[in-house]
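S.K.: what follows is a predicted protein model with its sequence.
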Amino acid sequence: MAQLRGVAICLIVSLFVGSSRAECCKDGETKVDADDCTKYLACCHGEFVSKSCASGSYWHSDLEVCVVDDGQCKPPTCVEGDIKLNPENCAGYLQCVNGNIVSQSCPSGDYFNSTLNQCVEDTCGVCLSCTEGSKKADPSDCSKFQICTNGVYVSQSCASGYYWNALSKECEEDNGQCKGTEQSCTENEIKVNPADCAGYLQCINGKLVARKCSATQFFNPTLGQCEVDTQNVCIPKTCDSDCCDVSNNSIWPVEKNCSAFYQCVDGKKFEQRCSNNLLYNSQIEQCDYPWNVDCDDGSPPPSGPNAGPSGTYCESQGRCVGQRDGTMFADASGGCSSNYVVCQCECEVNFTCSSGLLYNALVKSCDWADNVKC
Ligand SMILES: *[C@@H]1O[C@H](CO)[C@@H](O)[C@H](O)[C@H]1NC(C)=O
Ligand SMILES: *[C@@H]1O[C@H](CO)[C@@H](O)[C@H](O)[C@H]1NC(C)=O
Ligand SMILES: *[C@@H]1O[C@H](CO)[C@@H](O)[C@H](O)[C@H]1NC(C)=O
Ligand SMILES: *[C@@H]1O[C@H](CO)[C@@H](O)[C@H](O)[C@H]1NC(C)=O
């Protein structure tokens with residue numbers, strides 16, 4: 001009768017409540033608790049209620065009694081939703097989620113108060129991991145530092161052109177100590193490489209990386225790209241430095257040496273000497289008679305009939321230049337004279353006619369005085 005009444009109550013409750021989760025049952029009925037083998041469901045007044053087996057026992061579904069557990073039942077490690085202190089993180093807690101204990105974080109600035117069993121604002125600094133305002137280096141970027149804000153280190157940038165000096169613990173002017181600052185670049189951006197005219201710097205993964213133009217190219221900074229180096233802008237030149245940018249066979253004077261000049265032939269620099277006793281005339285850019293050349297190199301005036309090979313320094317008025325050996329000239333005095341000049345290797349050598357004879361310019365030899373017009 002009591003059982004029937006329980007069923008009746010259950011039916012009535014179900015009818016009225018409608019959505020009741022309670023399952024109608026006969027008192028004394030039992031069921032497995034699908035969530036926990038250390039528990040079972042027992043029918044009481046027409047509803048199933050949860051019951052626990054004694055510690056160390058579990059619900060045996062076939063025998064419908066609690067029996068000593070020798071390993072068959074593995075109860076869940078935690079009760080769903082349970083919260084407890086995380087001994088390793090004062091700003092967080094451990095929570096049972098889907099039967100597993102999961103580490104959770106309190107909202108920023110909170111700590112977990114185990115008495116209240118919840119996260120509360122950490123006004124007293126119970127759980128701060130750093131001293132407010134303290135600074136330290138940012139290991140990932142030397143242009144930044146970390147500052148303790150609300151108990152946690154937060155990254156902050158030094159001003160542009162400054163870097164974090166770990167010793168002074170201050171931002172200081174960056175004169176190349178920190179590679180981080182100049183390396184902050186726009187991806188793929190291309191820049192001149194001051195150390196390599198045949199290459200450039202490119203921003204790859206936020207860092208400038210040196211790249212090479214192809215073999216015959218140089219980096220044109222105006223166009224920002226590699227170009228074939230037709231003008232030898234960058235590819236090493238084989239010419240002597242003075243001869244790179246001048247036309248072939250250019251000549252120019254040698255300092256403090258009136259008879260010498262420089263000449264570029266096919267990019268090579270040569271020092272040449274004016275042949276005979278000519279001097280270099282920079283106005284006409286060729287060797288010239290000394291009297292046409294305004295040059296004083298402090299060298300002593302030529303002396304003696306140094307009849308050497310062509311080009312050696314010998315006395316000359318320039319008259320024998322280009323003349324065959326043996327060519328004769330009258331003495332420079334011009335008048336009747338027994339002195340004359342013979343060209344020898346383009347040098348002028350003084351000669352004197354035998355006694356009683358004079359130099360005859362017409363026949364170019366010594367002659368009787370009567371035959372010489374002067
Ligand atoms: C947790 O909160 C209680 C109540 O506010 C407080 O008395 C206690 O000191 C707190 N515990 C800690 C560790 O701060
Ligand atoms: C430069 O001048 C020299 C001598 O006159 C000549 O032999 C040579 O071929 C010239 N070189 C060029 C590139 O014109
Ligand atoms: C001038 O240059 C020539 C040729 O290089 C050299 O032989 C001569 O000794 C130089 N003279 C002086 C005064 O330097
Ligand atoms: C050669 O003759 C000229 C003209 O008479 C004279 O000036 C010069 O000194 C002479 N040279 C030598 C080496 O005697």
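M.R.: That came through, no problem. Ligands and ions are numbered 1, 2, ... in the order given.

S.K.: where does the residue nearest the centre of the chain fall, helix, sheet strand or coil?
M.R.: Nearest to the mean C-alpha position of the chain, counting by Cα atoms, centre = their mean, stands L208 at 4.3 Å. Look at L208: counting by DSSP: H, G, I helix; E, B strand; the rest coil, its state is strand.

S.K.: and it, how close does it get to G199?
M.R.: When distance is defined by Cβ to Cβ, to the nearest Å, L208 is 12 Å away from G199. Backbone N, C-alpha and C define where each C-beta goes, glycine included.

S.K.: okay, and the beta partners of the residue nearest to the centre of the chain?
M.R.: Assessed by DSSP bridges, L208 has beta-bridge partners C203.

S.K.: tell me if I'm right that it and E187 touch.
M.R.: No: using Cβ atoms under 8 Å, L208 makes no contact with E187, being 11.1 Å away.

S.K.: from Q283, how far off is the residue nearest to the centre of the chain?
M.R.: 54 Å.

S.K.: now swap in L41 and tell me
M.R.: L41 is 124 Å from Q283, by Cβ to Cβ.

S.K.: also T149?
M.R.: According to Cβ to Cβ, T149 and Q283 sit 80 Å apart.

S.K.: which of those two has more neighbours?
M.R.: A direct count of neighbours by other Cβ atoms under 10 Å for T149 and Q283 places T149 higher, at 14 against 9.

S.K.: for the stretch 201-350 of the chain, what spans make up the strands?
M.R.: Applying DSSP state E, counting those that start in this stretch to the stretch 201-350 of the chain gives strands spanning 207-212, 217-220, 225-228, 251-254, 257-265, 268-273, 279-281, 286-288, 328-330, 339-344, 347-352.

S.K.: nearest to ligand 4, out of these?
M.R.: strand 347-352 (3.7 Å; Cβ to the nearest ligand atom).

S.K.: hmm, the next helix or strand after the closest one in reach of ligand 4?
M.R.: Proceeding C-terminally, strand 347-352 gives way to strand 357-360 as the next helix or strand, assigned by DSSP states H and E. No: if you take Cβ under 6 Å from any ligand atom as the test, strand 357-360 misses ligand 4, and the best it gets is 11.4 Å.

S.K.: so D370, which state does it fall into?
M.R.: helix.

S.K.: so how far is ligand 1 from it?
M.R.: D370 is 146 Å from ligand 1, where distance means Cβ to the nearest ligand atom, to the nearest Å.

S.K.: same check, this time on C158
M.R.: Relative to ligand 1, and taking Cβ to the nearest ligand atom, C158 is found at 37 Å.

S.K.: what does the pLDDT read for that residue?
M.R.: Looking at C158, its pLDDT stands at 88.

S.K.: that one: what's it in contact with?
M.R.: Counting by Cβ atoms under 8 Å, 6 or more residues apart in numbering, C158 makes contact with 143-145, 164, 171, 174.

S.K.: for those, could you give me JSON lines that also reports neighbour count?
M.R.: As requested, these are exported to JSON lines (neighbours: other Cβ atoms under 10 Å):
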{"residue": "S143", "neighbour count": "22"}
{"residue": "K144", "neighbour count": "20"}
{"residue": "F145", "neighbour count": "23"}
{"residue": "W164", "neighbour count": "26"}
{"residue": "C171", "neighbour count": "19"}
{"residue": "D174", "neighbour count": "21"}
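
S.K.: what's the most distant pair in these?
M.R.: F145 and D174 (13.0 Å; Cβ to Cβ).

S.K.: what residues sit buried inside stretch 191-205?
M.R.: For stretch 191-205, a neighbour-count test (16 or more other Cβ atoms under 10 Å) marks 193, 196-203 as buried.

S.K.: show me which of those has the smallest pLDDT value.
M.R.: Within the buried residues of stretch 191-205, lowest confidence goes to D196 (79).

S.K.: show me where the stretch 51-200 of the chain has strands.
M.R.: Here the stretch 51-200 of the chain has its strands, by DSSP E, counting those that start in this stretch, at 57-60, 65-68, 83-85, 92-97, 100-105, 110-113, 118-121, 135-137, 144-149, 152-157, 162-165, 170-173, 190-192, 199-204.

S.K.: who does the fifth one touch, helix- and strand-wise?
M.R.: Packed against strand 100-105 by the contact rule (3 or more Cβ pairs under 8 Å, 6 or more residues apart in numbering; DSSP states H and E) you find strand 92-97.

S.K.: one step back: can you redo the strands of the stretch 201-350 of the chain as a markdown table with distance to D110 and mean pLDDT?
M.R.: Putting those into a markdown table (distance: least, Cβ to Cβ, whole Å; pLDDT from 0 to 100) gives the following:
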| stretch | distance to D110 | mean pLDDT |
| --- | --- | --- |
| strand 207-212 | 39 | 82 |
| strand 217-220 | 56 | 90 |
| strand 225-228 | 56 | 90 |
| strand 251-254 | 85 | 90 |
| strand 257-265 | 83 | 90 |
| strand 268-273 | 82 | 90 |
| strand 279-281 | 93 | 86 |
| strand 286-288 | 96 | 80 |
| strand 328-330 | 118 | 86 |
| strand 339-344 | 114 | 81 |
| strand 347-352 | 109 | 79 |
